[in-house]
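K.L.:
Generate coordinates for the sequence data below:
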Amino acid sequence: MTTNYDNDNIFARILRGEIPCHKVHEDEDAIVFMDVMPQSEGHALVVPKAHSRNLLDADPGVLAKIAPMLQKVAVAAKQAFNADGISLMQFNEGAGGQTVFHLHFHIVPRYEGVALRADGRGMEDNEVLAANAEKLKAALAG
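P.N.:
Residues are numbered from 1 along each chain as shown. Just a heads-up that it's a prediction; the model follows:
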């Protein structure tokens, strides 16, 4: 069962500036910040500013604007974290693995032979997140 968009979800609150984040990039369409419970070093989130619960109810125009950002962040994350590959993940509804009900995309650096950490395993140290945000910012800046 789907429900309506909750304006008080954590990502909506981050977008309004009510909750801090380790911001990497922001433009008129999206914000990029570090995942506080990363599954790999450099795990970042791309969160569209337009309100939608997930991909299933997103405006196709918003998706078209976000796609180039996803590619840019993925390329930068691969470089910044010397990754062997990148996983791009997006979940829809609880049964699909979604835990925050605001459309968002996970950019996760991957390494040969290294398994992802368990989702929700615990908060990363703020200093580590800040350092990783700076690495990703530098790579995005070119």
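K.L.:
which residues touch the closest residue to L140 other than its chain neighbours?
P.N.:
Once flanking residues are discounted, L140 sits nearest to A76: 4.5 Å by CB to CB, 6 or more residues apart in numbering. Glycine gets a C-beta too; all of them are placed from N, C-alpha and C. The contact partners of A76, by CB atoms under 8 Å, 6 or more residues apart in numbering, come to L136, A139, L140.
K.L.:
I figured the first one hits K78, correct?
P.N.:
To tie it back to what came earlier, the one meant is L136. No - using CB atoms under 8 Å as the test, L136 is too far from K78 to be in contact (10.6 Å).
K.L.:
and the longest helix along the chain, how far out from the chain's middle?
P.N.:
In the chain, taking DSSP state H as the definition, the longest helix is helix 60-80. Counting by CA atoms, centre = their mean, to the nearest Å, helix 60-80 is centred 10 Å from the centre of its parent chain.
K.L.:
Now the element after that helix, going C-ward?
P.N.:
Following helix 60-80 in sequence order, the next helix or strand is strand 85-89 (DSSP states H and E).
K.L.:
sorry, back to before: can I get the longest helix of the chain in CSV? Just the C-alpha atoms.
P.N.:
The C-alpha trace of helix 60-80 is given here as CSV (Å, rounded to 0.1, in the frame of the first residue of the first chain):
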residue,chain,number,x,y,z
PRO,A,60,9.4,12.6,-15.6
GLY,A,61,10.8,16.1,-16.0
VAL,A,62,12.5,15.9,-12.6
LEU,A,63,14.0,12.6,-13.5
ALA,A,64,15.4,14.0,-16.8
LYS,A,65,17.1,16.8,-14.8
ILE,A,66,18.5,14.4,-12.3
ALA,A,67,20.0,11.9,-14.7
PRO,A,68,23.1,14.0,-15.6
MET,A,69,23.7,14.7,-12.0
LEU,A,70,23.7,11.0,-11.2
GLN,A,71,26.3,10.4,-13.9
LYS,A,72,28.5,13.3,-12.8
VAL,A,73,28.5,12.2,-9.1
ALA,A,74,29.1,8.6,-10.0
VAL,A,75,32.1,9.5,-12.1
ALA,A,76,33.5,11.8,-9.4
ALA,A,77,32.9,9.2,-6.7
LYS,A,78,34.8,6.5,-8.7
GLN,A,79,37.7,8.9,-9.0
ALA,A,80,37.6,10.4,-5.5
